[in-house]
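S.K.: Have a look at this fold, sequence not included:
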């Protein structure tokens, strides 16, 4: 039978419906009436519980917390600005590499097919390679080849399409020991650029780094064990064509066992390893051993490979068509300038080149001398957990070891919680019930916070102030961040005052620590079960707070929530939180610029607000219990609400303009201008419609709202509707992105007459023995063309001359074929077979649209186009060219 004390204690628990009524350390317990009495029977009962232990002063707690976060944020930024971590060995000469960068970018934009890309840059590379070859120490043999491949493939990028290329350029260099080599390491970069951009960071700087790496390795006194193939490819911006030509056709490709790919999604800064493999953990192990200035994260790899980021690199080609593993690196800072006129050599610091060169050279040397490269299949299986700590050192271990560590941490957490759940005399059961309730409160607070922030973002979009943060990033934190934190605090303050008001606040606070620990442990188990290496993030987010809590438990019980306790607690969270902040910086650094080119259909404020809300929830997770350990949070709530209110008013009044032409830090609005002539043909070849105009695409959510005051003609009266009866709305899409950019403008203009005319001819139309109609064509035109196929109702495209012969990736019933060629390419010939509708074989079977794009030379510009171009405001970047669109029916 229970003792009298136990009976009274259990009645107290039931009265409050919570096990936190008893304070063992203070010698007090709550009576049935909810009042505190001395455990020895004193009659000095009071209406409010007064525990002998102190609660945290609001001002002290807030100051400590703000200083903690600012210190960690400053540490992250300091590490990001510290490009060179260790002194260079002098093997890589960044000054010489910079000269290569300046020479290549001096040629101007280098789209495929242009003289700048196919002649000037290729000749410069060959000249520099010959100089390196002449100055080498003869321990190695240097072979050079200029490849002009032709081929076709399909790719599931941007919804999926087919690519065809003809005589694009590759400059290939093989460095091997004199005795020869059976295995090779591939180092890849691309020297072409998009139209209207100098392409310094994307990707001339990478080619400059590889040129200097070749120079350094050619002067090694000790011969390498394996060969190193340097591929300077000239058609990456055409969706990875030149790399496909190399890996599927070049004889040296058979030697390649692994690769390093250098890319860019920004301008300058640090180059980050954002994907490796597939599998082959020895590659990231080599990176860890070799690099002097580490910057890598398996989180970035798993996010990128999830498809969330709308981009792709040559890594995909080598992985999918070459079936070889590799390391993918990219510059990610300042993505606002990516693919714009601002991507210039002067924006890339010499230290950026030095750190990239030191790292790439060290990794190439190690891999070219490794045993693993000779038999990479032997070391293939398994993945690696890897991340750097503030760019100073790397942490890397096999994924199977990570799984063991994760489950060990999970077991330790269950033991910690299990001890509380198994307390005798019904205490454990009541703890479980109260913990479940607190978890419900926490999850509810997260949900309400997330929804509230999304509602605010929706209202901002409806008021026409979307993207106010594009130039003023921290304003978004002041609006969405303060709203999120204030909502979290409000919900928990209400819970504290109305549900936990008469309970031991120190024990309530400790329970909410257990809630956070439990939820992070659930995330750890889930990610581990999914086989994700990113599970290391919740792992460190469980283990460090758990250890900290155990070490400070007696401090909390004996003295309460003192400044000392709070300071030591925050110190224990330093490692996981500094890593959180680094990952959050990466997320915002990548996604904020992307939202400026993500199309007209995705509300960017909703996306950014979602990210901000999630970050607010994550950062506050281990701080929520301070609400219960503090005397009050009223002043903090008032301050947060005031900040939110002031910023909301300023944003709603249009105080913050999205774009900037500041030369030091431009934030341009991206716009595409095509002066085009469209010609629509009937079934018998007759012209049934023809028009000309300047077709305008705004690549962000604001459309032409901010442009119209500068150019009144561009307004909603000239919005271009989509004609669903013709392929891709009847407009000359360069890539199949019409699902992202549905708001377009078509300003009437004179007809275009390119000097390189477009010619389209039906060579033959045959009925096959298997009941299909085979149509063969010949096309002559500029270096870039887009072919669109739309089978009519009841008809089906059964085969064609592209890829593996099977039509793939129909986008809403439409097929997109991307074509490009280098110099001296013959006419483009292709065929496809159509199964006619069974109801009436004489009906039209298919619509064939084809667009020609003039990206360089005299044909790129027209007087009306240039006149309009010069009227655009300085804060915009209108990329321009001339195009034609022709539609045929068969």
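M.R.: Good, I have the coordinates. Since we're looking at a predicted model, the values are computed, not measured. Residues are numbered from 1 along each chain as shown.

S.K.: SS state for the residue nearest to the spatial centre of the chain?
M.R.: Taking CA atoms, centre = their mean, the centroid of the chain lies closest to residue 309, which sits 4.3 Å from it. Using DSSP: H, G, I helix; E, B strand; the rest coil, the secondary structure recorded for residue 309 is coil.

S.K.: Tell me who's in contact with it.
M.R.: 303, 590, 591, 594 (CB atoms under 8 Å, 6 or more residues apart in numbering). The way it works is simple: take the backbone N, C-alpha and C, and place the C-beta from them, glycine included.

S.K.: at 6 Å what do you get?
M.R.: Contact partners of residue 309, counting by CB atoms under 6 Å, 6 or more residues apart in numbering, are absent.

S.K.: Can you tell me how far it is from residue 672?
M.R.: Using CB to CB, to the nearest Å, residue 309 is found at 21 Å from residue 672.

S.K.: Residue 628 too?
M.R.: Residue 628 is 54 Å from residue 672, by CB to CB.

S.K.: try residue 344
M.R.: 21 Å.

S.K.: next one: residue 524
M.R.: Residue 524 is 45 Å from residue 672, by CB to CB.

S.K.: When those two are compared, which one has more neighbours?
M.R.: residue 524 (24 against 19; other CB atoms under 10 Å).

S.K.: Quick one: the helices in the stretch 201-350 of the chain, in order.
M.R.: 205-217, 241-249, 282-290, 298-305, 314-320, 350-367 (DSSP state H, counting those that start in this stretch).

S.K.: So which of those helices is nearest residue 616?
M.R.: Closest approach to residue 616 among those (CB to CB): helix 298-305, 18.7 Å.

S.K.: just how off-centre is the closest one within its chain?
M.R.: Here helix 298-305 is found 8 Å from its chain centre; the criterion is CA atoms, centre = their mean, to the nearest Å.

S.K.: contact partners of that helix?
M.R.: Helix 298-305 is contacted by residues 274, 275, 385, 386, 532, 533, 534, 583 when judged by CB under 6 Å, 6+ apart.

S.K.: make it 8 Å
M.R.: 272-277, 309, 311, 384-387, 532-534, 536-537, 583, 586.

S.K.: Stretch 870-882 too?
M.R.: Contacts of stretch 870-882 (CB under 8 Å, 6+ apart): 194-197, 340-342, 657, 659-661, 666-676, 706-707, 710-711, 752, 754, 853-855, 859-862, 865, 869.

S.K.: List the buried residues in it.
M.R.: Under the neighbour-count criterion of 16 or more other CB atoms under 10 Å, stretch 870-882 has 872, 875, 876, 877, 878, 879, 880, 881, 882 buried.

S.K.: For the protein, give me the ranges with low pLDDT.
M.R.: The model of the chain has pLDDT under 70 over residues 1-53, 839-842.

S.K.: Which ones among the contacts of helix 298-305 lie within strands?
M.R.: Secondary structure defined by DSSP state E assigns 272, 273, 274, 275, 276, 277, 384, 385, 386, 387 of these to strands.

S.K.: Please produce JSON lines containing those, extended by distance to residue 86 and neighbour count.
M.R.: JSON lines is the format used below for those (distance: CB to CB, whole Å; neighbours: other CB atoms under 10 Å):
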{"residue": "272", "distance to residue 86": "18", "neighbour count": "25"}
{"residue": "273", "distance to residue 86": "17", "neighbour count": "28"}
{"residue": "274", "distance to residue 86": "22", "neighbour count": "28"}
{"residue": "275", "distance to residue 86": "25", "neighbour count": "24"}
{"residue": "276", "distance to residue 86": "22", "neighbour count": "25"}
{"residue": "277", "distance to residue 86": "27", "neighbour count": "20"}
{"residue": "384", "distance to residue 86": "23", "neighbour count": "24"}
{"residue": "385", "distance to residue 86": "24", "neighbour count": "26"}
{"residue": "386", "distance to residue 86": "19", "neighbour count": "26"}
{"residue": "387", "distance to residue 86": "19", "neighbour count": "23"}
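
S.K.: how about residue 499, phi and psi?
M.R.: phi -110, psi -40 (degrees, to the nearest 10).

S.K.: wait, I meant residue 334
M.R.: According to degrees, to the nearest 10, residue 334 has phi 60, psi 50.

S.K.: The chain should start at 271 in everything you say after this.
M.R.: Okay, residue one is now 271; in that scheme the one you just asked about reads as residue 604.

S.K.: sorry, back to before: buried ones among the contacts of stretch 1140-1152?
M.R.: Buried positions within those, assessed by neighbour count (16+ other CB under 10 Å), are 464-467, 610, 612, 929-930, 936-946, 976-977, 1022, 1024, 1123-1125, 1129-1132, 1135, 1139.

S.K.: need the longest helix for this structure.
M.R.: helix 697-732 (DSSP state H).

S.K.: May I see the buried residues of that one?
M.R.: Quick answer for helix 697-732 (16+ other CB under 10 Å): 697-698, 700-702, 704-705, 707-709, 711-712, 715-716, 719-720, 722-724, 726-727, 730-731.

S.K.: which residues sit in contact with residue 488?
M.R.: By CB under 8 Å, 6+ apart, the contact set of residue 488 is 402, 403, 405, 406, 407, 410, 412, 445.

S.K.: Now, those that are in helices?
M.R.: Secondary structure assignment (DSSP H) places 402, 403, 405 from the contacts of residue 488 within helices.

S.K.: Selecting buried members of those in PyMOL, what would you type?
M.R.: Applying 16+ other CB under 10 Å to the ones in helices among the contacts of residue 488 leaves a buried subset, and the PyMOL line that selects it is:
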select buried, resi 402+403
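
S.K.: now stretch 1034-1044: how far from the chain's centre is it?
M.R.: With CA atoms, centre = their mean, you get 46 Å for stretch 1034-1044.

S.K.: And for it, what's in contact with it?
M.R.: With CB under 8 Å, 6+ apart, stretch 1034-1044 has contacts from 1045, 1046, 1068, 1069, 1101, 1102, 1103, 1104, 1105, 1106, 1115, 1160.

S.K.: Was I right to think residue 552 contacts residue 646?
M.R.: Yes. Under the criterion of CB atoms under 8 Å, residue 552 makes contact with residue 646 at 7.4 Å.

S.K.: circling back to that earlier point, please list only the buried members of the contacts of stretch 1034-1044.
M.R.: 1045, 1068, 1069, 1102, 1103, 1104, 1105, 1106, 1115, 1160.

S.K.: Out of those residues, which two are the most distant from each other?
M.R.: Largest pairwise distance in the buried ones among the contacts of stretch 1034-1044, by CB to CB, is 15.6 Å, between 1069 and 1160.

S.K.: Now for the residue nearest to residue 607 when sequence neighbours are not counted, how many residues are close by?
M.R.: Excluding its sequence neighbours, the residue lying closest to residue 607 (CB to CB, 6 or more residues apart in numbering) is residue 537, at 4.4 Å. Using other CB under 10 Å, residue 537 is surrounded by 25 other residues.
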